[in-house]
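Asker: Sharing a sequence plus its predicted fold:
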Amino acid sequence: MNEYSRTLGDVVKRTRGKLGLTQSEVAEAADVDTRTILNIENYKGNPKMEVLYPLIRALKIDAREIFNPEMQRESPAITQIRLLIEECSEEEAAALLPVFQAMLTAIREKCALHI
């Protein structure tokens, strides 16, 4: 089993549970076979984009949960930083990038000195 199969299966199952949906209801919403949802949740799925795209949209899954699971953090501070970044224009983000990198380096160096 590939790690991405486990990640996808876990995210689909967790989200379906939060929404209180059955596998059949999810399958219907994504216009796929119920067995497809069963296979994905049991880590046997390796869906093509034609399945993955409508599934993610039907469950309103943030694709980062699947493709960048290491970014999953429940920290309010991290969430707030992400929201601020998403509001930035490309020009603002480019201007903030070196500032952010410098601040992060300084914080990490300070923390390293205390170890």
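Answerer: Good, I have the coordinates. As the structure is a computational prediction, the values presented were derived from the model and not from experiment.
Asker: Can you name the residues in contact with the helix or strand hosting residue 92?
Answerer: Using DSSP states H and E, residue 92 falls within helix 90-113. For helix 90-113, the surrounding residues in contact (CB atoms under 8 Å, 6 or more residues apart in numbering) are 85, 88. All C-beta atoms are positioned from the backbone trio N, CA, C, and that covers glycine.
Asker: what's the average pLDDT for that helix?
Answerer: If you average the pLDDT over helix 90-113, you get 93.
Asker: tell me the SS of residue 47?
Answerer: Classification of residue 47 by DSSP: H, G, I helix; E, B strand; the rest coil places it in coil.
Asker: and it, what is it in contact with?
Answerer: By CB under 8 Å, 6+ apart, residue 47 lies in contact with 8, 36, 40, 55.
Asker: of all these, which two lie farthest apart?
Answerer: Pairwise distances across the contacts of residue 47 (CB to CB) peak at 11.7 Å, for the pair 8 and 36.
Asker: who's more crowded, these two?
Answerer: residue 8 (25 against 18; other CB atoms under 10 Å).
Asker: my read: the more buried one touches residue 65, true?
Answerer: No - judged on CB atoms under 8 Å, residue 8 makes no contact with residue 65 at a distance of 9.2 Å.
Asker: mind showing which ranges of the protein have poor pLDDT?
Answerer: By pLDDT under 70, the low-scoring segments of the chain are 1, 71-74, 79, 115.
Asker: Helices of this protein, residue ranges please.
Answerer: Ranges of helices in the chain, per DSSP state H, are 3-19, 23-30, 34-41, 49-59, 64-67, 76-87, 90-113.
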